[in-house]
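Enquirer: Here's my sequence, what's the structure:
(chains A, B, C and D, ligands or ions: 4)
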Amino acid sequence: GDGTAPSWPRIVAPGEFAGLDLSRAGHVLGRMGVVETLVGADEAGRPTPELAVSWAVSADHAEWRFRLRPGARFHDGTPVDATSVASALSHAAAGVSVLARAPLAGIAPDGEDVVVFRLHRPFAPLPAFLSHAGSGVLAPGSFGGSGRVDRVIGSGPFRVAQIHPPHRLLVARWEGWWGAAPRLPGALYLATGQGETRAVMVESGEAQIAIGLLPASLARLRRRVRVAVASVPTPRVRMLKLDAASPFFRDQRVREALSLALDREGIAGALLRDATLATDQLFPPALADWHDPSLGPSRQDLAGARALLEAAGWRPGPGGIRQDALGQRFAVELRTFTTWPELPAMATAIQAQLREAGIAVSVSIGSSSDIPRGHRDGRLQMGLFTRQFGLVPDPLGTVLSDYGQAGGDWGAMNWHSEELLALAASLGTTPDRSARRRIGTILREERPVIPIASSTLAVAATPRLRGLRLDPFELRFHLQELDWPA
Amino acid sequence: MTAALLVEDLHVADAKGTPLLRGASLQARPGVPLTVLGETGSGKSLVLLAVLGALPPGLQAQGRVALAGTEMLVAPPQARRRLWGRTVSVLPQEPFLALDPTMRALSQVAETYRLVRGFPRPRAQAEAEARLRELGLEGTGTRFPFQLSGGMAQRLALAILRAADTPVLLADEPTKGLDAPRRDEAARRLRDEAERGRAVVTVTHDVAVARALGGDVLILREGAVVEHGPAAQVLASPSHAYSRALLAAEPSRWTRPARPPSPSGPPVMEAVALRKSLGGRPLLREVSLTLRPGELVAVLGSSGSGKTTLGDLLLGLMRTDGGEVRRLPGVAPWRFTKLWQDPPAAFVPHQRLRQGLDVLSRRHGIPFARFGSGMERLGLAPALLDRLPAEISGGELQRFALLRALSLDPVFLFADEPTSRLDPLTQATVAPMLREAARSKGAAVLLVTHDPDLADALADRVLRLHEGRLASAGCHPGGPLGL
Amino acid sequence: MSGARGLGAALLLLLGGLALLGPSLLPDPALQDLRSALQPPGTTWWLGTDHLGRSVLARAAHALRFSLTLAATAVGIAVLLGTGLGLLAASLGGLADRALAALGDATLALPGLLLVMVVVAFAPGEILPLSGGVALAQWVHFFRVARAEARRVLALPHAEAARVLGFGPDYVLRRLVLPELRPILLTLVGFGLGTAVLQVAALSFVGVGVRPPTPELGSMTTELLPYLPEAPVQALVPAVLVAMLVLGFQLLSADEGQKP
Amino acid sequence: MMGVVRILLARLAQAGFVAVLVGTVGFALMHSLPGDPAFRIAAERYGPDMVDAAAAEAVRAELGLDGPVLPRLLRWLGRVITLNLGHSLVSGAPVLPELLDHLAHTAMLAAMALALALPLGLPLGVLAGLRPGGAVDRVVLLGAVLLRAVPPYALGLALMVVFALHLGWLPPAGFESPAAILLPALTLALGVAALGGRVARDAVMAVEASPFLRFARWKGLSEAAVVRRHGLRNASIPVVAVLGLQFAALLEGAVVVESLFSWPGLGHALVHAIFARDVPMVQGAALALGLGFVLLNALADALAALLDPRRARGTL
Ligand SMILES: Nc1ncnc2c1ncn2[C@@H]1O[C@H](COP(=O)(O)OP(=O)(O)OP(=O)(O)O)[C@@H](O)[C@H]1O
Ligand SMILES: Nc1ncnc2c1ncn2[C@@H]1O[C@H](COP(=O)(O)OP(=O)(O)OP(=O)(O)O)[C@@H](O)[C@H]1O
Ligand SMILES: [Mg+2]
Ligand SMILES: [Mg+2]
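Expert: Ligands and ions are numbered 1, 2, ... in the order given. Below is the predicted model:
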């Protein structure tokens, strides 16, 4: 027997996990309530206490102190004390994780219940970084001899009953959790790559929760009584990345022309089934501090786009493709990938729309890694992808890594703005809303990247399931609040 | 007593309207064997197929065929089929084709008992074994058809016929390829069947079989009956000229050729101490043989003694276990050739005869006209060229095989029962062509036959294969062959 | 059954005509109108529009040309290579036979996708490397079937007779083995064409196939499948075309199996 | 007895040959693919949100991907003999147990598909072959063609909607209940049944025209007995050859169906491994499949020899 019981709901979601450590499986272990972080996040992305009940930053912004929750225990019964937290997080910071991107000088215990983070420079978003799935706290017993994770011992409301990368995770209620005891005796996570499959599974009752529904199946599912559909906006934006050093996109007018040539509402309406998702802001409405609701999405303006291209020296050439004074055709390659199923279709739509403006785009569909790699070797001309600005709930971290001095693998390429850098540096110490808005404006004016549409997270569930709460940052399923009465 | 089967004024024509049977009539009564003799290609097999209600599609039949009260020419297929295996059973002319290549011999007999006659398995098995034993096939029940010799396959088919035990039995050349004792045994079995009240119709070229069967005899020529009457009367004093000629053409009555000059020249084919085992049993123990140009040597031997195997070893179609085969060097390989015991096996089933000869003529630069004159000598009508091998009679196909082999100007010809499907009269015109190939073309011919008279009439030397060894079976001419 | 043959030929002619003439008569298959996405069939769009508002008819015609060319090239290469090597293996026998068989096993064992990806890497989205890759994945099937059938026929007495009569292996293979092989080969070719189209679709499914906006039958279905409840005609058109293609070949080979 | 040993030895030699060939060619092919393995591995490990140059460099340093290539191949070949296939570059886990797990799932799926396809396709094919041009023949032809023309993805989804959603008979996907294998297996089976049935029909037609089948009828056997005892065995010779291949294709070719039905099989794993440039995993999979095919072909050949005693002679 595999331990599953009919009363354990099944959750189907797209994410597979390639191993046990948190850099590979953190997103699943965190969402399933196995592994906790020091800090959580509420719907608006504000930090909330989790394993840490309180925290404070020193006056010089060089040291953060987190006070641990008394009485928290790992699934092996050992206490969640400062030593084990410091060692788990040091381990994460040394590997591939968001913590590795924070300017950390060291993590050390101070007594039984205080963990101290020392920084090289002020870094306001540290709590947000600590809420990322990769910053989860594993018990010392999780690590094998060579520092590899060979067992998952967390401290959350559910413990691992069985784990089979890359598909399957069975969790069981853990009675020793510090919070109110969960109602569910357990739950099963099944990675299911195809959106259609997830939809059918929840519709047929084979699964109780399906995460991430395709726009096309959403409308159908909404009409079904056997499933309840819910969705929240998420801080994820589909956007185009341009090499601002290439002869094609060096000129800001060309980048603006590209933006004008796009029919965002058409794309969002046809492919995402929701024209209101169209946006030309990098920060979606979900990020209230960053988003500027007064700016509507820019409309398609082909004439304007043509004029800008004309002004930038790109004249109509043979076959309707523009060329510059030297006779170079405006022909570029757009790279994208299939991890998000809508991307290839969006690339095709973009291709057709840019063609109207006289730009020839060839679409290459490959791996997600083609974009950072193309960024590094300089071969990337255009990339289409989605970026999670709530990768840590405070987008500042992402902004810093994507639009810094050297640009970022998932952000600007060969572009930077001194003003933006200064603003970002100031945000390390002050939570200033206007500075945030200004950053958005700079990005919108200079167009190192071209946002196209924001996202929603759509979830379908059995109506009998009570207490379902959606997390826009995709950090938690909140299983401990769920009830599935027989 | 009424006739069990009745054929009245049966006309059969092919798709183009060429008549194949022209008003044949016959009847068979229970207890009285009916033997059909006649020229090859005269329509004997077609009559049997008409009685069975299984004329090949594409042929048109008129007249009347009644079998146990069913009009076989007009009855619906299911009605005809109901009679098969219960009222009528048949032994087809080519057992090699009729046997399931993937089923063991015993099962092919036993299934009739079990599935048609409804015997329980052990009894069916026992009965089948008894049938095999009666025909000298004990111990071969577990073999597949390709592991049987020609004569054994023939006997297996006969065993299947006897297993049916239907009121009407049709046998198309049941004794070809069998040596005299086995032939007589087979004939006696058929006569026994008749005496048990069965209607037995046998087609044969062997007058001795007709004699042994007794009953009525019918002689067919060019699709019509030329003579019909009690065996004793027809065989002893035939009234029709053709019948007389036919009966007079038995090999035993052929005039023997003059003694040949003793052969000279380097051996065309030489075998030294050949050994071969098949199926784990030694078949050829030590066979040595030398054939010189112009020589015609006959090999006799009981069915299954290894004659065909010997030929295959000489031609290199099978590997020897020991010993050596030497061929005359410097001769094109295809001039060492063979006449297959079962002619249909050696023809491409989906190739019309004309096409087969055509590619042969192109391959070896033989003018096609040479085939024309050959066919004329062999009594083969040009119209046959446009048929498939399955659409001509057994004897016709056998003559085409001979035509094909001789057209290659063989230096060595292994002729495995080359006249088994020919009536005596045709044999008498065809067989000398073998002798001629040796005499005037200088070929060495190794003739395999069961008919000592034929061997005697044609061969310079007659050998006997017995217990894996070749021995001289007497000297030419005329000495008693004492089999 | 010659009616069936006629029907098969007519189907193939129809498809060939559409593939040959359609592209020049119909609008640009890449032309989008996002606001007319998923329009039902009607007078403006005979077969409706797809999720990007493109004419499904125009795309189908282009896709047919593309897929037909690709499938025919791929299966052509696979048949020639597979049958050729299969006959060779059967007639040589012995060590050569075993080596060729092992080569076949090895080809099967190498993930087809890997082979295709390596071949396609030279010229992404081009028709020839794609066909080459598909052929590489398919030839073993023809190889093994040809080898098995050739071994069977070569063991028959009439093949032995042909050899004795002085015919070379060339003749024996061409005149004796091939006619017996033809019906099953035709059946496999018919299905092989369909399989080739679907293999390219599967490649598109994992992102290795043709590049947008090239219309291709297999990926058209896959793309439109999520919209099946809303736009059944559009989603089924490509599959129906593939079916007609396979059916045409099956009908053409309808009475080949009946050996005289 | 000697013969059996000789055949076994020959097969063993062939298996060794295939193993070395497949391992080497797989290795070479993987290295000739464009793209930077470090980036690919990082993407597969950490997901698209976390893959960046830093992650790729970390992977590169951890795995020593910059080292010379040939020694790696030689090391792999050296280890294969001890059944050590190395560690996955993505998960870091040993390849062999992971591979065996995937292989077991795939083999189960393939076997189930075949088990469903045979009783589905063959009887219909036989019926069609017995009456070529008849109603059954036409319907079966049309059905077979349609089944082969619909992409497996679409077919699978259609089955899922019908059997899981509307009828509620079968679980749609996953591998939680034993019945979950049925839908993916059925999806594969329909395609195999279509081809198998068609080949069976051609084979039956050919056997139907043979004189020994006519003779079997003359013997008085019922049609069922004729078909069962004489028709099927002879007709199954080409069918076995084709189905053996289909089974082989199923082992590797079920990528789409596996990912649609979330079946943790080899095809799915292989696609990921190829995309992630997980060389040891691909080599291991190719090796396992290669040995599997040698075994499978040996079985198919043995079955063919069993069905066709003339083949058993082995002297062709
Ligand atoms: N299917 C057919 N189509 C056309 N003609 C045929 C067909 N079968 C036989 N024939 C012709 O009918 C004639 C009679 O054939 P049949 O087989 O009955 O001869 P037969 O008397 O049995 O001769 P043999 O003694 O040589 O067997 C022959 O000339 C033959 O060529
Ligand atoms: N492949 C085989 N396996 C086993 N035994 C075989 C095989 N082929 C032939 N035999 C046996 O070898 C013996 C000789 O066969 P062969 O065909 O040479 O006989 P034959 O003298 O030509 O007989 P016939 O006069 O009946 O044609 C027979 O007993 C036959 O059953
Ligand atoms: Mg006859
Ligand atoms: Mg013989």
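
Enquirer: So D:Val257 is in contact with D:Pro151, correct?
Expert: No. Using Cβ atoms under 8 Å as the test, D:Val257 is too far from D:Pro151 to be in contact (10.3 Å). The C-beta positions use only the backbone N, C-alpha and C, and glycine is treated the same way.

Enquirer: Enumerate every residue touching the residue of the stretch 101-250 of chain C found nearest chain B.
Expert: Here the stretch 101-250 of chain C gets closest to chain B at one residue, C:Gly166, 2.9 Å apart by Cβ to the nearest Cβ. Under the criterion of Cβ atoms under 8 Å, 6 or more residues apart in numbering or on different chains, the contact partners of C:Gly166 comprise B:Ala332, B:Pro333, B:Trp334, B:Arg363, B:His364, B:Leu408.

Enquirer: Against ligand 3, which of those make the cut? List them.
Expert: With Cβ under 5 Å from the ion as the criterion, the subset of the contacts of C:Gly166 in contact with ligand 3 is empty.

Enquirer: Are any of the residues you listed buried, and if so which?
Expert: B:Trp334, B:Arg363, B:His364, B:Leu408 (16 or more other Cβ atoms under 10 Å in any protein chain shown).

Enquirer: These into a markdown table, with extra columns for secondary structure and pLDDT?
Expert: Output for these, formatted as a markdown table (DSSP: H, G, I helix; E, B strand; the rest coil; pLDDT from 0 to 100):
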| residue | secondary structure | pLDDT |
| --- | --- | --- |
| B:Trp334 | helix | 90 |
| B:Arg363 | helix | 91 |
| B:His364 | helix | 91 |
| B:Leu408 | coil | 89 |
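
Enquirer: Among the residues you listed, which pair sits farthest apart?
Expert: Using Cβ to Cβ, the two most remote members of the buried ones among the contacts of C:Gly166 are B:Arg363 and B:Leu408, lying 9.7 Å apart.

Enquirer: mind listing what residue 168 touches?
Expert: Just going to use chain A. A:Gln162, A:Leu188, A:Tyr189, A:Leu190, A:Ala191, D:Pro264.

Enquirer: nope, chain D
Expert: The contact partners of D:Gly168, taken as Cβ under 8 Å, 6+ apart, are A:Ser204, A:Gly205.

Enquirer: and it, that one's in a helix?
Expert: No. Secondary structure assignment (DSSP: H, G, I helix; E, B strand; the rest coil) places D:Gly168 in coil, not in a helix.

Enquirer: if we can go back for a sec, quickly list what's touching both of B:Arg363 and B:Leu408.
Expert: The contact lists of B:Arg363 and B:Leu408 share C:Leu165, C:Gly166, where a contact means Cβ under 8 Å, 6+ apart.

Enquirer: any idea which of the contacts of C:Gly166 is closest to chain A?
Expert: The nearest member of the contacts of C:Gly166 to chain A, counting by Cβ to the nearest Cβ, is B:Arg363 at 56.8 Å.

Enquirer: Next, find the distance separating that closest one from ligand 3.
Expert: Distance of B:Arg363 to ligand 3, computed by Cβ to the ion, to the nearest Å: 30 Å.

Enquirer: quick one, what contacts residue 237?
Expert: Going with chain A. Residues touching A:Val237, when contacts are defined by Cβ under 8 Å, 6+ apart, comprise A:Thr279, A:Leu282, A:Phe283, A:Pro284, A:Thr386, A:Arg387, A:Phe389, A:Pro451, A:Ile452, A:Ala453, A:Ser454, A:Ser455.

Enquirer: Wait, chain D was what I had in mind.
Expert: With contacts defined as Cβ under 8 Å, 6+ apart, D:Ile237 is in contact with C:Ala148, C:Arg152, D:Ala203, D:Ala304, D:Leu307, D:Asp308.

Enquirer: Export those residues as CSV, with columns for pLDDT and secondary structure.
Expert: As requested, the contacts of D:Ile237 are arranged in CSV below (pLDDT from 0 to 100; DSSP: H, G, I helix; E, B strand; the rest coil):
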residue, pLDDT, secondary structure
C:Ala148, 84, helix
C:Arg152, 82, helix
D:Ala203, 86, helix
D:Ala304, 78, helix
D:Leu307, 79, helix
D:Asp308, 77, coil
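
Enquirer: Now do the strands in the stretch 1-150 of chain B.
Expert: Ranges of strands within the stretch 1-150 of chain B are B:5-13, B:19-28, B:34-38, B:60-67, B:70-71, B:88-91, based on DSSP state E, counting those that start in this stretch.

Enquirer: ok, and the closest non-adjacent residue to the closest residue to ligand 1 within chain B?
Expert: With Cβ to the nearest ligand atom as the measure, B:Gly395 is the residue of chain B nearest to ligand 1, at 2.6 Å. When the adjacent residues along the chain are set aside, B:Gly395 lies closest to B:Thr40, with 2.8 Å between them (Cβ to Cβ, 6 or more residues apart in numbering or on different chains).

Enquirer: near chain C, which residues of the stretch 51-200 of chain D?
Expert: For the stretch 51-200 of chain D, the residues found near chain C under the criterion Cβ under 8 Å from any Cβ of the partner chain are D:129, D:132-133, D:141-142, D:144-146, D:148-154, D:157, D:194-195, D:198-199.

Enquirer: Just the buried ones from those residues, in ChimeraX syntax?
Expert: Selecting only the buried entries of those in ChimeraX, with 16+ other Cβ under 10 Å as the criterion:
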select /D:129,132,141,144,145,146,148,149,150,151,152,153,154,157,194,195,198,199
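
Enquirer: Do a quick rundown of the helices in the stretch 151-260 of chain C.
Expert: Taking DSSP state H, counting those that start in this stretch as the criterion, the stretch 151-260 of chain C carries its helices at C:157-164, C:169-171, C:178-205, C:217-224, C:232-252.

Enquirer: Also chain A?
Expert: Per DSSP state H, chain A carries helices over the ranges A:22-31, A:82-94, A:126-130, A:195-203, A:215-222, A:252-261, A:264-271, A:302-311, A:342-356, A:370-377, A:396-402, A:418-427, A:433-446.

Enquirer: other SSEs contacting the shortest one?
Expert: Packing contacts for helix A:126-130, counted by 3 or more Cβ pairs under 8 Å, 6 or more residues apart in numbering or on different chains; DSSP states H and E, involve strand A:39-41, strand A:52-57, strand A:63-68, helix A:396-402.

Enquirer: just the last one next, same as before
Expert: Using 3+ Cβ pairs under 8 Å, 6+ apart, the elements in contact with helix A:433-446 are helix A:418-427.

Enquirer: quick one: buried residues of the helix it packs on?
Expert: Neighbour counts using 16+ other Cβ under 10 Å place A:Leu420, A:Leu423, A:Ala424, A:Leu427 of helix A:418-427 among the buried residues.
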